[in-house]
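Student: All I have is the shape, not the residue letters:
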């Protein structure tokens, strides 16, 4: 038995070493090409080459299956002479300028000697019959792909290396999936401010484990980047797919994504394919182009897991897809509104309603204005039950912005909000590219998260939002009522002022027609009285307007601060250091009283025991 295990480990090592060598060799070759500049160019280049090899290997398997079973209908996604086997999988295939021309040009000499569309031109124009098969995926991918290699001989060498990868081997695909994720991390490292493509794997895995998607539910990432959340979700659901029927559910109606940028869209497709999803359902385009008020039950999903881009700004046309009082250029705030509306409602395909886990910047917790109005909807119409505060620097060095994880669902309004602060590991001051956050650092939080009866501890605390809401609203309401009274009074006075000015205009016209001096003087006196009354009305309106603003501001000052969710850990040493002396004394006295009460209870129990003897 130990010998068999050893042989299996050796085989896995051999596969990993072989694929590692192939990929390294291919990347080394690409470094020689003057058209490529860094990993940000090399990985997409290697991806589209591997993508076509992968597709051809899968096509061969389907073709073989159709020959063995007449019930299986096979329609090739790519026709000759554009299949990988036609132009790439040949020892003496086209190379040099001829290969570059075949790949890049709208029209070129093909491998069969005929003239026709070039490779990319052909792939970009593929079209399915029913709108859902691999031809659509291929066409969408290659509309955003550019071949940046300028040396056709080097390109040929890379293709020959990729030919050594066998995508019809499940073991090689599994191993390559891990290599691919490593390359995505490297690409992130070289991307600078484009590091948004990659969310740390530890964060992704924690969010999936905490949200716990179930097979049969639909999981969406509306800003999926390279597919980290979707890949982790697929891995999580795959453990539940223990029958043919369940695997069908996993493959066809479990994972959905959307990506606006062509590069991460292609990388996401490849990532999901390598991890086993046969037909990735990834839409191409900006998720925010949908008018949120028109989202219906058929558009909603069970689970949303995402790290939407923050810090970006959207154009006016996008902002107009959102309610007038919640329009903003801030991308993250628009995505939060979209996520809220995309969750299933209770009783409409879901018992409890949909649920979400979302990465948000710290600014969203304390933001006011439009941000506060969006949080008001989140807290009064959705159940925000947990905020996990990540350590500073989780996304460093790509961004230093502090981040949080929001967990909410559509089961009702928010009552208690639980906070959990993930500490930096002991002895660590920050995370780095070479020493990122590890999933094990979430272990205590995950165990706490899944408990039905949560308890406060050194890292976890709770606020009773419903109590804060009821108290703030009750205290603010009299001021708002006064503001409304002033508003109504102002409207009444404005109507009177309008009628008065009309009367003044008519009086002026009347005076202009009078010939009798005495009568003219009498009417001018009346006019003066009307004008005095006009000025008084205008002053009263100004006073009512100022009163309205004053009362409204007083009520708002009580109400809106409850939507500042940037609540510090009350148990941290830093927070205790900054407490006022009277608060510290009060807390110490309260603890001493609890100790005295506990001692008295113990003494009572002891005395009761003596009496029973």
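Tutor: Structure's in. What do you need? Fair warning: this is a prediction, and the values are worked out from it, not measured in the lab.

Student: For residue 228, see how far away residue 204 is.
Tutor: Taking CB to CB, to the nearest Å as the measure, residue 204 falls 5 Å from residue 228. To be clear about C-beta, it is placed using only N, CA and C from the backbone, and glycine gets the same treatment.

Student: what about these two, which has more around it?
Tutor: Set side by side, residue 204 and residue 228 show more neighbours around residue 228, with 26 against 22, by other CB atoms under 10 Å.

Student: my guess is the more buried one meets residue 205, correct?
Tutor: No: shown here, residue 228 and residue 205 do not form a contact pair, counting by CB atoms under 8 Å, at 9.3 Å.

Student: how far out from the middle of the chain is stretch 114-122?
Tutor: How far stretch 114-122 lies from its chain's middle: 38 Å, per CA atoms, centre = their mean, to the nearest Å.

Student: With stretch 527-537 instead?
Tutor: The gap between where stretch 527-537 is centred and where its chain is centred comes out at 60 Å by CA atoms, centre = their mean.

Student: Go ahead and name everything in contact with that stretch.
Tutor: For stretch 527-537, the external contacting residues (CB atoms under 8 Å, 6 or more residues apart in numbering) are 493, 496, 497, 500, 501, 503, 504, 507, 508, 511.

Student: Please point out which parts of it sit buried.
Tutor: 527, 530, 534, 537 (16 or more other CB atoms under 10 Å).

Student: Could you list the domains of this protein?
Tutor: In the assignment given by automatic domain parsing, the structural domains of the chain cover 16-166, 169-454, 467-563, 579-612.

Student: Show the end-to-end separation of the second one, please.
Tutor: It stands for domain 169-454. Taking CA to CA, to the nearest Å, the first and last residues of domain 169-454 lie 46 Å apart.

Student: Next up, the contacts around residue 511.
Tutor: Applying CB under 8 Å, 6+ apart, the residues near residue 511 are 520, 523, 524, 527.

Student: Which of the helices or strands spans it?
Tutor: Take DSSP states H and E as the rule and residue 511 turns out to sit in helix 465-513.

Student: same thing with residue 121?
Tutor: Counting by DSSP H and E, residue 121 is part of helix 119-124.

Student: That helix: how far from the chain's middle?
Tutor: 32 Å.

Student: what do you get for stretch 413-423?
Tutor: Stretch 413-423 has its C-alpha centroid displaced from the chain centroid by 19 Å (CA atoms, centre = their mean).

Student: do stretch 540-551 as well
Tutor: Centre-to-centre, stretch 540-551 and its host chain are 43 Å apart (CA atoms, centre = their mean).

Student: ok so, going back, dump the buried residues of stretch 527-537 to JSON lines, plus pLDDT and distance to residue 596.
Tutor: Output for the buried residues of stretch 527-537, formatted as JSON lines (pLDDT from 0 to 100; distance: CB to CB, whole Å):
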{"residue": "527", "pLDDT": "91", "distance to residue 596": "82"}
{"residue": "530", "pLDDT": "92", "distance to residue 596": "77"}
{"residue": "534", "pLDDT": "92", "distance to residue 596": "73"}
{"residue": "537", "pLDDT": "93", "distance to residue 596": "67"}
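
Student: Helices - which of those land there?
Tutor: Mapping these onto helices (DSSP state H) picks out 527, 530, 534, 537.

Student: so which of these comes closest to residue 163?
Tutor: Nearest to residue 163 among these is residue 537, at 88.3 Å by CB to CB.

Student: residues near the closest residue to the closest one other than its chain neighbours, how many?
Tutor: Among residues not flanking residue 537 along the chain, residue 497 sits closest, at 4.4 Å (CB to CB, 6 or more residues apart in numbering). Using other CB under 10 Å, residue 497 has 18 neighbouring residues.
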